[in-house]
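> My questions are about this predicted structure, shown below with the sequence.
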Amino acid sequence: MERREFLYAGTSAALMSAAAGWMPGGASAGEAPMPFDFARLKGIARALAGQAYQKPSDALPAAISALNWDRWQAIRFRDDHSVWANTDSPYQVRFAHLGPMLRRSVRMYTVENGIATRLNFDPAFFDYSHSGLRPREVPSSLGFGGFRLLYQTDWLHDIAAFQGASYFRAVDGTLQYGMSQRGLAVNCGMQIPEEFPDFVAYYLERPARGSDRITVYGLLDSLSVTGAYRFIIQAGDTLTMEIDSALYPRKEIERIGIAPGTSMFFYGKSDRHRSNDWRPEIHDSDGLQLYTGAGEWIWRPLVNPRGVRVNTFSDRNPRGFGLMQRERSFEAYQDDAVFYDRRPDCWVETKGDWGAGEVVLLELPTEDETNDNIVAFWTPADKPQPGREYLYGYKLYWCNQNPLQQPLAYTAATRTGIGGVVGQARSHFSWRFVVDFAGRVLADLPKDGEVSPVITASRGRIEIPSARPLLSINGYRAIFDLVPDGDSTEPINLRLYLAAKGGRPLTETWLYQYTPPPASARRF
């Protein structure tokens, strides 16, 4: 045996032994400190993929399982037990308690000088006085439900939270939470059941002296795949996460979702059919923004559909995508409790070669603002295969607006309603679309400049198209009516941008999917 093969065999055996610790009945809570870096974590994930998946337990002690939402939320982490409290670290970590909505424990480690040390659960970390629980009802083997990250500018409010399956979320400078991200989506938006991978361990690396960045590592496990993740997090008005992931399938995966974002769209300007609320709009995000590999900027307003809706946007090496909140005025929401106008965007900037694939947008019907009903992610054209390693790097921007300033005007608002000409009797059914565009490129146009809408529809007829200046936003308003062909209620895909004389694009491309009502409901 060659020396290289011998060393690899020894390392592989060690990693197989380490991977065994993640199985139920594996390494004990008192495990010894161990050397650690990202390469070793990838090795553990690879070795784990070679073993049969064992689903983690959802069982909780009876007293904890019986808690209602309010009593569970009344359990408070004691701040003086925060990781790196009373040190010069610019970050501190506080842990989430397991409960009826957070049932699977996750192992927690700190990393210093290349050594990972297990952090063991202790009921003394938490204040149970307002929950109705007695500390003696909480076993020391319970484990943590996840963690919250805090930054030195404000030790009262967290800036990021990692808890529940592979979910995590962060804030921008407003310290307002909104949409979430996930480590991975598996078979999302398909006819087969979706699989939700878990982060089963987190490693918290203490920031180097003088650094304002923290590195968090995550070990992911699931029926179909394992993974190793590295998050380099930097707090700020725009919080960034540089993510490197290595995935190891246990079996062929029908659809894998990379950098999946999860959000909520109840209703807005363009989609009020489910609204009986006094607030004008309710949503965490109002559109999917795409920056394609070919350099095209696309805006797709979100909808709350009457049935499950899946759209795909084919691309090669996409430059970025994200679920965004463009409507930023308080007046648009009138919500002084949860402040939808402050919800952060989450822009995904890709790194490296992502190859061919598509961005998938899943829109689910919801009757309530408490349900996340929007998912967007990248899926490669080739199905992931067992025995292979798949590397994806990307950077997340939790922000108030896209950090990449596109050179074209952007979609400021989308409105829809009954079509036709005011003051004239309608002879047929049509649906009107009013799309406002704003941006420097439009504001700088000469007053006599020619601007025209370029509109295409997958079917049906376009009527009364126009584009005219909209002084209130220093932009332009495009208007057109769509007349559906026949009685079909199948969705109609629309595409629009504004062009200068000669055809030069002035705006990003606006996409929309309109579902005509049944023929019996087409009143005009």
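Structure received. Just so it is clear, the model here is predicted, and its values are computed rather than measured.
> So what does I233 have for phi and psi?
phi -110, psi 130 (degrees, to the nearest 10).
> contacting residues for it?
Going by CB atoms under 8 Å, 6 or more residues apart in numbering, I233 touches 149, 160, 170, 213-216, 239-241. C-betas here are computed from N, CA, C, even on glycine.
> List the beta-bridge partners for it.
Beta bridges link I233 to I214, M241, judged by DSSP bridges.
> Any figure for the gap between it and F199?
15 Å (CB to CB, to the nearest Å).
> And A74, by the same measure?
25 Å.
> Between these two, which has more neighbouring residues?
Comparing A74 with F199 by other CB atoms under 10 Å, the one with more neighbours is F199, at 27 against 16.
> quick one: the helix or strand containing that one to chain centroid distance?
Assessed by DSSP states H and E, F199 sits inside strand 198-205. Put simply, strand 198-205 sits 19 Å off its chain's centre (CA atoms, centre = their mean, to the nearest Å).
> is it true that P123 touches G143?
No - assessed by CB atoms under 8 Å, P123 is found out of contact with G143, at 11.6 Å.
> Would you enumerate the residues in contact with L445?
So L445 contacts 451, 500, 506 (CB under 8 Å, 6+ apart).
> quick one: contacts for the last one?
Contacts here follow CB under 8 Å, 6+ apart; on that basis L506 touches 408-409, 437, 441-442, 445, 451, 476, 497-500.
> what's the farthest-apart pair in those?
Greatest spatial distance in these: L445 and Y497, 14.8 Å, computed using CB to CB.
> re the thing from before, would you format the contacts of I233 as TSV with neighbour count and distance to G287 included?
Formatted as TSV, the contacts of I233 follow (neighbours: other CB atoms under 10 Å; distance: CB to CB, whole Å):
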residue	neighbour count	distance to G287
L149	23	28
A160	23	24
A170	25	20
R213	15	30
I214	24	31
T215	18	32
V216	24	29
L239	22	21
T240	20	21
M241	20	21
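> Using CSV, lay out these together with distance to E195.
CSV is the format used below for the contacts of I233 (distance: CB to CB, whole Å):
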residue, distance to E195
L149, 27
A160, 25
A170, 24
R213, 32
I214, 30
T215, 28
V216, 23
L239, 29
T240, 29
M241, 23
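> In terms of distance to Q513, which of the residues you listed ranks first?
Nearest member of the contacts of I233 to Q513, counting by CB to CB, is A170, at 29.7 Å.
> so that closest one makes contact with F162?
No - counting by CB under 8 Å, A170 sits too far from F162 to count as a contact (9.5 Å).
> Now stretch 343-360: buried residues?
Neighbour-count burial for stretch 343-360 flags 343-350, 354, 357-360 (criterion: 16 or more other CB atoms under 10 Å).
> Contact partners for the residue nearest to Q163 when sequence neighbours are not counted?
Counting by CB to CB, 6 or more residues apart in numbering, Q163 lies nearest to G146, which is 2.5 Å off, once chain neighbours are set aside. Counting by CB under 8 Å, 6+ apart, G146 makes contact with 95-96, 102, 106, 161-164, 202.
> Return the members of the residues you listed classed as buried.
95-96, 102, 106, 161-164, 202.
> Just the residues you listed: which are in helices?
Nothing among the buried ones among the contacts of G146 maps onto helices, per DSSP state H.
> Closest one to L364 out of these, please.
Using CB to CB, the buried ones among the contacts of G146 come closest to L364 at G164, 18.4 Å.
> Now for that closest one: which residues touch it?
101-102, 145-146.
> Distance to V111 and pLDDT added to those residues, as a markdown table?
Formatted as a markdown table, the contacts of G164 follow (distance: CB to CB, whole Å; pLDDT from 0 to 100):
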| residue | distance to V111 | pLDDT |
| --- | --- | --- |
| M101 | 29 | 92 |
| L102 | 24 | 96 |
| G145 | 21 | 97 |
| G146 | 18 | 98 |
